[in-house]
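In: show me how the following folds:
(3 chains)
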Amino acid sequence: MSFAVAVRKQGKFVFDMPFVVQISLFFLIACLSLIIILPFLPLPNEGAVDLLARLQPPIGLGGGWGHVLGTDDLGRDILARLISSLRTSLALALGATIISAIIGTTIGILAAHFGGWVDQVVVAAVDAQASVPFIIISLTLTALFGNNLVLFIFILGLFGWERFARLSRAMTMASRGRGYVLAMNTLGFPWRRIYIRHVLPNIASTLLVTATINFPEVILLETSLSFLGLGIQPPMSSLGNMLGFGRSYLLTGWWIAVVPGLAIFLCTLSVSIIGDWARSAIGRS
Amino acid sequence: MTDKTIIGTRKERVCTVENLGVAISGADLRLVEDISFEIGKGDYFALVGESGSGKSITCHTLMRLLPFKPEIEGRIVIDGADVWSLTPAQLRLFRRRSVGMVFQDPLAALNPVRTIGSQLLETLRLYYPGAGGDELRERAVKALRDVHIPQPEQRLAVYPHQLSGGLNQRVMIALALLGNPKLLIADEPTTALDMSVQAEVLDLIDELRRQADLSVLLVTHDLGIVGDRATHIAVMHKGHMVEQGPAAEVVAAPRADYSKELFAAAAVDWPDRGDTKPREKPLCLSFEGVSKTFYTSAQDRKADIGVPAARDMSFCVRQGEIVALIGESGSGKTTAAKMAMGLIAPDSGEVVLHPSPRNKAARLNVQMVFQHPRDSLDPLMSVGAQLHEVLYVHGWTNSGDRQTHIEKILADVGLGLHVLERRPTFLSGGEAQRVVIARALLLEPDMLIADEPLSAVDVRIQKHILECFQRLRERLDIAILLITHDLRVVFEIADQVVVLRHGEVVEDVPVALFTDGKRQPYTQMLIDAVPGKKSLADADRETQVVSL
Amino acid sequence: MMLFSRLFRAVVSLWLIVTLVFVALRATGDPILAIFNPDDTTQAAIDAYREQWGYTGTIFQQYLAYVVNVFRGDFGISTMSNRDAFAVVAERLPATLQLVGLSAVVMLVIGVPLGALAALNAGGRLDRLVMAGSTVGFAMPNFVLGLVLILVLSVTFHMLPSNGIGSWQHLVMPVLTIGLAKAAMYMRFVRSAVLDALKLQCVTSARARGLGEFQIFLAHVAPNALLPLVTITPLLVGAMVAAGSVVESVFGWPGVGRLIVDSVAQRDLAVLQVIIMMVAGLMIVTNLLVDLAYVRLDPRTAAAREH
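Out: A predicted model of the protein is given here:
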């Protein structure tokens, strides 16, 4: 039973989720909402430098309501920067996951369909990609082609395609072996129809779960690279480069680093929890 | 059933089960309810039932080998021990001394990464803790010899995957009997084996039983193998024991409705030996000298080391005929089916499809029905939507026309209109198979190829499917190529029988001549292996032998 | 025979990597100018290097010359430190090996027992605890963990040094950062491998013969669980390398990881070449070793090769 069908079938679905999953979902929705309403929040502009207010701690630890999460070394409001960085990081992760899902799935299906040398090439490519740690690849590409945003998005979009390809290839081969693909072929269905209308819907739920695994890993990749100074560059802010800059201020302004760090951790955690639960829910049905 | 008078209490009781009930702890699911039976010394007790009847659960419960945490009601006493009140240490001793178990898939039941010898020695050490390596090895060799494994000394160093299924099962039996148990439990021990090997393994169990006065509990869904050998039979259905008693009584006169149905469905109709009618109808499909070899790699192709799936195969199917293509696994029958469908091209020879006047494209003249019906349907779409889609893809744009046609076809296969709204997962096995047949018929082919259409279905449903094929042949004059390994199926409805072995056609005769005793040795062996066969003389007398 | 074919494949892969690097270097412009800053070197010197490294002549001649140089260990001069690139990388290697080696030990020591116990306790409290711990460990970015450790153990409590190398105290935090994170990941794999092994029919069959649980675990569960774990070893090695590059930067650990980051930031292509080939070589060798080990551990694979 596919995930979508499961949702439609059980109206009380949301209330069957374990507590932890509910919290994770709530957290993500909260983040999304904050991102959307950022322009309307009564916060100082994220880029507003206010040297008189540098290194103010968050509220409860000495700071005031003017800067709820404190300020950084240039007096910029941490909360505003946080939400803006969240937007950048989440948008990048979402976009990258979608791209690698589309690329990977298409390649996997084509490999399973054509078999022969096409399949061999794809398998070799997938194995090669899987055996090299991706961060090395991205560092290499950055070194060779320089540090720009378009390249960075391209690199992120490349991350994890092999996972989708491997999975969609295996599942398409299984579908072909199972019989309905073969049956429809002998009944005269054109291949396009078989794959788009019959194979894809059947493998969609597993691919979705893979996406929930891929998504947090992209967040981690992007933030790692930005942390090292090789990803998102100022004036754009990402959770990673906030942390990178905050590193020098551990002694005097630890919140500059800890706040984005916590945010990364919580986002990654919530998506992972939801993904784990979705996987077991699908497995059970 | 508290006050039972047991007839023949002279015999020692090896296993007593009283009002056994098994449920999954925490779930509201009762798997087995109120089961009671007894096994005496030297008895051969057959526990039969269809899949899901609870027979496998019952025998696992006897040894406390359930894969989940159960709630148990009732009592099990084996060899004097109340099984479910044993401590873990006592349980281990019990398993070593009193019972032995043989499982369905011998390859899976043996550790693939360790040699046969090491697994034998490991168990032997339990019984002879002080013995040295040489003595243990001698005992291992003797154990293998007792189950008639040739060259036992060499086999000790061999891994399970290097042995055939039959040999592996013998090893399993040897392992189970190392401790000289009183009871041997065999859970579908021959289901995963080829038919020719099944008889050998069952004979072995029988022989060992007689030698050691061993009690055997055999669990199976195959009624055929039971009738000849069992001393007692019990029938299970949906977790209840429906009937039990001495084998001869139960077989001759089953009392419960379910048992009657079951035995009737399993009965073999030996064909009448009448005159054979000449085959006059026009050709539908013909194989002419077809050969095909499969190679596993390019090097193999050059060295010509391949698996011959077809060797100069020639046979034909005529319109309105039901031809049965018989063979064991590896005989090439599936390859033949694929070649008939045009999915594989032969290396040499020709596969000719003769189009009839009413069909335009010769390729679509032939449609296929697969072994696992639910697998050949899209699990997400409703049956109705899928049937409509087939017609839609072929240009039937008017949905009213489509609906009429679909309803007609459903009537032909004997299905009600209610299946149209259901999704394949919610169909029963028999309904699903008939949906697949209906889908194949939508395009009005001249021939159906059915690849093992009955092996995934229970005995009673098999009967319905066979009736469905017969009905199609009568109503639509359609040709059917039935690919199977089950001879009993053939006897029911086939007109012509083609026997395949290692890619070669061994026999190609009308069914009426099939059992005349003048067949090839291989064919005769297959016939003889059909369980429950009395002598040919009986068959001659045209008495319908209700054997199992 | 089979050993040869695997070795052959490894050599081919290595050669492919060398070629790819060559192509990549060419694709980004004149490699000589990339390796040598034209402001610091005279034209004559540049010409001389071109000559020496064979960047004259046809592309094919250049390629040959490049390959020859690579096998001689001559990768050019590092722009950052003005020394032989290979030497620069080589001297950093021991520090990284020390870090990765100890982290691997931590990963195994924590991951294997916890994973196995979780599997044996499947569905129980220990299992849920372990799984929760694993999820949290997975989600925690290693640089965040590192910084938090520094914040707590260095800045607040002054227990450990936050930077550099030298004593065992310097080792503790970096090793913990990588080791714990990888242990969290490994626990899951171990748990899954042991669970699958426990469900095997041969385990039920062994139990039916009355073998003790410990013997069953040792002789039947463990050898079968080992197979998938061996298969993922290359994955783990790769993950360690990746983690190393970030964690070394966090802790100022003078290893190859930090060198990667620095050379990327400063576009020191000579050093980068060395590192890429070294990492690729490591992955290829690891895969080769795993393949060989697998054949030893699973007799079925050996059989598949015999015709």
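In: output the contacting helices and strands for whichever strand or helix holds B:S259.
Out: In the assignment (DSSP states H and E), B:S259 maps to helix B:257-266. Where contact means 3 or more Cβ pairs under 8 Å, 6 or more residues apart in numbering or on different chains; DSSP states H and E, helix B:257-266 is packed against strand B:232-237, strand B:240-246, helix B:459-476. The C-beta positions use only the backbone N, C-alpha and C, and glycine is treated the same way.
In: need the phi and psi values for A:L38.
Out: The phi and psi torsions at A:L38 (degrees, to the nearest 10) take the values phi -50, psi -50.
In: report the contact partners of the nearest residue to it once chain neighbours are set aside.
Out: Nearest residue to A:L38 in three dimensions, chain neighbours excluded: A:I83, at 5.0 Å (Cβ to Cβ, 6 or more residues apart in numbering or on different chains). By Cβ atoms under 8 Å, 6 or more residues apart in numbering or on different chains, the residues touching A:I83 are A:34-35, A:38, A:41, A:43, A:46.
In: gap between whatever helix or strand comes next after the helix holding B:S259 and the chain center?
Out: Downstream of helix B:257-266, the next assigned helix or strand under DSSP H and E is strand B:283-294. How far strand B:283-294 lies from its chain's middle: 28 Å, per Cα atoms, centre = their mean, to the nearest Å.
In: B:L500 in helix, strand or coil?
Out: What DSSP: H, G, I helix; E, B strand; the rest coil gives for B:L500 is strand.
In: does stretch B:450-461 reach chain A?
Out: No - using Cβ under 8 Å from any Cβ of the partner chain, stretch B:450-461 stays clear of chain A, coming no nearer than 9.8 Å.
In: end-to-end on that stretch?
Out: Stretch B:450-461 has an end-to-end distance of 16 Å (Cα to Cα, to the nearest Å).
In: which residues are contacting that stretch?
Out: Contacts of stretch B:450-461 (Cβ under 8 Å, 6+ apart): B:50-51, B:221, B:223, B:261-262, B:265-266, B:333-334, B:337, B:368-373, B:428-430, B:433, B:437, B:462, B:465-466, B:469, B:480-486, B:489.
In: residue closest to the middle of chain B?
Out: B:T191 (5.4 Å; Cα atoms, centre = their mean).
In: what about A:I135, distance to A:F152?
Out: Distance, A:I135 to A:F152, by Cβ to Cβ, to the nearest Å: 13 Å.
In: mutual contacts of those two, please.
Out: Counting by Cβ under 8 Å, 6+ apart, the residues touching both A:I135 and A:F152 are A:L225.
In: just give me the longest helix of the chain.
Out: No chain specified, so I'll use chain A. For chain A, the helix with the greatest residue count under DSSP state H is helix A:78-114.
In: let's do chain C instead
Out: As assigned by DSSP H, the longest helix anywhere in chain C is helix C:85-120.
In: avg pLDDT for the following helix or strand past that one?
Out: Later in the chain than helix C:85-120, the nearest helix or strand by DSSP H and E is helix C:125-139. The average pLDDT within helix C:125-139 is 90.
In: for chain B, what are the nearby residues on chain C?
Out: Within reach of chain B by Cβ under 8 Å from any Cβ, chain C has these residues: C:199-202, C:204-212, C:215, C:219-220, C:223-224, C:227, C:297-300, C:303, C:307.
In: just the buried subset of those, please.
Out: Neighbour counting with 16 or more other Cβ atoms under 10 Å in any protein chain shown marks C:200-202, C:204-211, C:219-220, C:223-224, C:227, C:298-299 as buried within the residues of chain C next to chain B.
In: which ones among those residues lie within helices?
Out: Per DSSP H, helices hold the following members of those: C:201-202, C:204-208, C:223-224, C:227, C:299.
In: would you format those residues as TSV with distance to chain A and pLDDT included?
Out: As requested, these are arranged in TSV below (distance: Cβ to the nearest Cβ, whole Å; pLDDT from 0 to 100):
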residue	distance to chain A	pLDDT
C:Q201	21	89
C:C202	24	90
C:T204	22	92
C:S205	26	93
C:A206	27	93
C:R207	26	92
C:A208	28	92
C:P223	25	91
C:N224	22	91
C:L227	18	89
C:P299	24	82
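In: wait, is B:A230 part of a helix?
Out: No - judged by three-state DSSP, B:A230 forms no part of a helix; its state is coil.
In: what helix or strand is the closest residue to it other than its chain neighbours on?
Out: Distances taken as Cβ to Cβ, 6+ apart put B:A46 closest to B:A230, at 3.9 Å, once the chain neighbours are dropped. Element membership of B:A46, judged by DSSP H and E, is strand B:44-49.
In: direction included, what does that strand pair against?
Out: Sheet pairing here is set by DSSP bridges, and for strand B:44-49 it gives strand B:215-220 (parallel), strand B:232-237 (parallel).
In: and the contacts of that strand?
Out: Residues outside strand B:44-49 that contact it (Cβ under 8 Å, 6+ apart): B:37, B:39, B:55, B:58-59, B:206, B:209, B:215-221, B:223, B:226, B:229-237, B:247, B:262.
In: between that strand and helix B:257-266, how big is the angle?
Out: Interaxial angle of strand B:44-49 relative to helix B:257-266 (axes from the mean of the first three to the mean of the last three Cα atoms, to 10 degrees): 90 degrees.
In: returning to what we had before: make a markdown table out of the strands paired with strand B:44-49 and add mean pLDDT and mean neighbour count.
Out: A markdown table is the format used below for these (pLDDT from 0 to 100; neighbours: other Cβ atoms under 10 Å in any protein chain shown):
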| stretch | mean pLDDT | mean neighbour count |
| --- | --- | --- |
| strand B:215-220 | 92 | 24 |
| strand B:232-237 | 91 | 24 |
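In: is it possible to get TSV of the ones you listed that adds distance to C:E91?
Out: Listed next are the strands paired with strand B:44-49 as TSV, based on distance: least, Cβ to Cβ, whole Å:
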stretch	distance to C:E91
strand B:215-220	69
strand B:232-237	75
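In: for C:I232, which of these is the nearest?
Out: strand B:215-220 (38.8 Å; Cβ to Cβ).
In: would you mind pulling the contact partners of the closest one?
Out: Contacts of strand B:215-220 (Cβ under 8 Å, 6+ apart): B:14-15, B:39-48, B:55-56, B:58-59, B:62, B:182-191, B:205, B:209, B:226, B:230.
In: sorry, back to before: the strands paired with strand B:44-49: which one's closest to C:M240?
Out: When the strands paired with strand B:44-49 are compared by Cβ to Cβ, strand B:215-220 sits nearest C:M240, at 50.5 Å.
In: report the distance from the closest one to the chain centre.
Out: Distance, centroid of strand B:215-220 to centroid of chain: 17 Å (Cα atoms, centre = their mean).
In: how about the contacts made by A:L51?
Out: A:L51 makes contact with A:74-75, according to Cβ under 8 Å, 6+ apart.
In: for C:S192, that is, sorry about that
Out: Each residue near C:S192 by Cβ under 8 Å, 6+ apart is listed here: C:119, C:228.
In: distance of B:P106 from B:I173?
Out: Noted for B:P106: a distance of 9 Å to B:I173, by Cβ to Cβ.
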